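Asks: attaching a predicted model along with its sequence, questions to come.
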Amino acid sequence: MERVWLKNYPKSVPAEIDPNRYASLRDLFEQAIRDYGGQPAYTNMGRTISYSDLDRLSRNFAAWLQNVAGLGRGDRVALMMPNILQYAIAVFGALRAGLTVVNTNPLYTPRELGHQLSDSGATVIVIVENFAHVLAEVIGKSKVRQVVLTAVGDMLGFPKSMIVNFVVRRVRKQVPAFDLPGAVNFRETLSRGAALQMKHVEVEHEDIAFLQYTGGTTGVSKGAMLTHRNMVSNVLQAEAWMSPWIAARTEVVITALPLYHIFALTANCLVFLCVGAHNVLITNPRDFKGFVAELKRFPFTYMSGVNTLFNALLHTPGFDTVDFRHLKITLGGGMAVQGTVAERWKQVTGHYLTQAWGLTETSPAACINLFDTPFNGSIGLPIPSTEIAIRDDDGKDLQIGEVGEICVRGPQVMRGYWNRPDETAKVLFADGFLRTGDVGRVDNEGYVYIEDRKKDMILVSGFNVYPNEVESVAVTHPAVLEVAAVAQTDERAGEIVVLFVVVKPGQQLSEREMIEHCRKSLTGYKVPKHVYFRAELPKTNVGKILRRSLREEISRPRPA
């Protein structure tokens, strides 16, 4: 496809980036600490560390990993933490030691954690002690030989008795250190590492920086092999795209999405290294009252999130009194940003909510809208050094305006899935394009539009229905807080559209009213046939609505 999107690039944004600018993420990090040593790097729960602090502490951890844990180039270390200072120290320590990071969701079940540890072959894990009991159930079946335990407030200087559990919504049993083999406290690794030498390890572009596991929403979770070249490229691509709007030593970044997720990892943690930004870590963004209180403490310039997060903030008392004067970029990804949410965000904050798009397999950014333009419903323009192709089921290229599977090629596209050549072959074409599983089109201006995920598409009597379209109509009803449209098996039509709805507090809505509201804007076969009201909708750890869970719910046989 002709790169028509280039004509809409800002003049200062290049068509291509140079992935060879840095040999690795380690080199990028060490350049940042040389440039911004005295600048604040991370703040969490009132404690701030500078880039110089991060240099020292991550060096100590790297030395411990090499000399005490005995890890060498390419060995895997799992990090199972929410957004706390220890994560930043551990991730950069691991990268400086030449290791591969395996990011792990702290809320994993034993089954999920066991699979990821076994599949990745991680031999060291850094874990918040609240979740150690989950590890205890599966560690015997893994290759983990060293456990590093930490507490949420370990780096804050508070007594343990004063540390509030900001992470979990229910009390979880803690496992004593002696129940886990090779257990050591995170603080101890830093103190021991301070007396040890950090060995220089040659890290090259094709070394794996992260084994980033997919969410597993379509089956067994797979580890995307993201190389240093992939990650450096995506950092430079995003930095180039943001360059007209950001400046060195001035950016204050709100990081509410978990850093173990690829979106925040790249868009918040890594990209803003290049400009010496100050990252404010939100450990529990679901505490919206506390989240708003944090927003009032900082003159923040950048914030990323998903649609559900922005929507929840807009409905949180006091959010409209936050000082938004310094805000320059609000970046939405992970799921479709709804027009009503974007419009409301602009009304309340005075700034645009900009939609972006990518995948774990693309490190993740592939398309981003311009930050100074109104919400347009697209996922944006392909970013520098990125090509988009629209292909049919046979892999044939389609033309501008035609709908097919969105495919991506660029230096940020993963090497493949860890130990899964069969799965890799399913998604990577011989010419380097990645099948994304998203259905969409490119318009004459180069803007890319997503119709929906292939797996979420509803087939009603032979007609395709895209859930995003139904949801974007349903959510315009003034009583609706959240919605999800899914397929339900039907004897006559094969599938019908059904809607799950969360009503705003204090509002009332009937099934008939919801259906009639949709009928005003949707053709007959797209109109939901049933509406199911719920107090909340199932979501991933970053707030993305799980349509799969809803489909499974309505497919289960009901008791007689």
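Replies: Looks like it came in fine.
Asks: what are the contacting residues of the lengthiest helix in the chain?
Replies: Criterion DSSP state H: the longest helix present in the chain is helix 51-67. Residues from elsewhere that reach helix 51-67 (C-beta atoms under 8 Å, 6 or more residues apart in numbering): 29-30, 32-33, 36-39, 41-42, 49, 71-72, 77, 88-90, 92-94, 96-97, 99, 124, 189-194, 196-199, 276. Just so you know, the C-beta spots here come from the backbone N, C-alpha and C atoms, and that holds for glycine as well.
Asks: next step: the residues you listed restricted to helices.
Replies: 29-30, 32-33, 36, 88-90, 92-94, 96, 189-193.
Asks: quote the end-to-end distance of stretch 521-537.
Replies: 24 Å (C-alpha to C-alpha, to the nearest Å).
Asks: buried residues, it. List them.
Replies: 522, 525-528, 531-532, 537 (16 or more other C-beta atoms under 10 Å).
Asks: list of residues touching it?
Replies: With C-beta under 8 Å, 6+ apart as the criterion, stretch 521-537 contacts 460-461, 463, 465, 469-470, 473-474, 476, 482, 484-485, 488, 490, 493, 496-503, 509, 511, 514-515, 518-519, 545-546, 550, 554.
Asks: rewinding a little: most widely separated two among the buried residues of stretch 521-537?
Replies: 525 and 537 (23.9 Å; C-beta to C-beta).
Asks: and residue 148, how far from residue 53?
Replies: Going from residue 148 to residue 53 by C-beta to C-beta, to the nearest Å gives 19 Å.
Asks: of those two, who's got more company?
Replies: residue 148 (26 against 19; other C-beta atoms under 10 Å).
Asks: for the helix or strand hosting that one, packing partners?
Replies: Using DSSP states H and E, residue 148 sits in strand 146-150. If you count contacts as 3 or more C-beta pairs under 8 Å, 6 or more residues apart in numbering; DSSP states H and E, strand 146-150 packs onto strand 124-128, helix 132-138, strand 183-185, helix 186-193.
Asks: distance between the first one and the chain's centre?
Replies: Centroid displacement of strand 124-128 relative to its chain, using C-alpha atoms, centre = their mean, to the nearest Å, is 20 Å.
Asks: partner strands of it and their direction?
Replies: The sheet places strand 124-128 alongside strand 76-80 (parallel), strand 146-150 (parallel), with pairing taken from DSSP bridges.
Asks: which residues sit against the first one?
Replies: Think strand 76-80. With contacts defined as C-beta under 8 Å, 6+ apart, strand 76-80 is touched by 65, 71, 87, 90-91, 94, 99-106, 108, 113, 116-117, 120-128, 131, 135, 144, 211, 260.
Asks: now with 6 Å?
Replies: 90, 94, 99-100, 102-104, 106, 120-122, 124-127 (C-beta atoms under 6 Å, 6 or more residues apart in numbering).
Asks: let me know the closest of those residues to residue 314.
Replies: residue 106 (26.9 Å).
Asks: distance of that closest one from residue 260?
Replies: In terms of C-beta to C-beta, residue 106 sits 8 Å off from residue 260.
Asks: same question for residue 243.
Replies: Residue 243 is 27 Å from residue 260, by C-beta to C-beta.
Asks: the two: which is more packed in?
Replies: residue 260 (26 against 15).
Asks: how about the more buried one: what's its closest non-neighbour residue?
Replies: Of all residues not flanking residue 260 in the chain, residue 103 sits nearest, at 3.9 Å (C-beta to C-beta, 6 or more residues apart in numbering).
Asks: what are the bridge partners for that neighbour, then?
Replies: Beta-bridge partners, per DSSP bridges, of residue 103: residue 79.
Asks: thought it was touching residue 262?
Replies: No - counting by C-beta atoms under 6 Å, residue 103 does not reach residue 262; the two are 8.0 Å apart.
Asks: who has more neighbours, the two?
Replies: The residue with more neighbours, out of residue 103 and residue 262, is residue 262; 29 against 22, by other C-beta under 10 Å.
Asks: which stretch of helix or strand covers residue 406?
Replies: Counting by DSSP H and E, residue 406 is found in strand 404-409.
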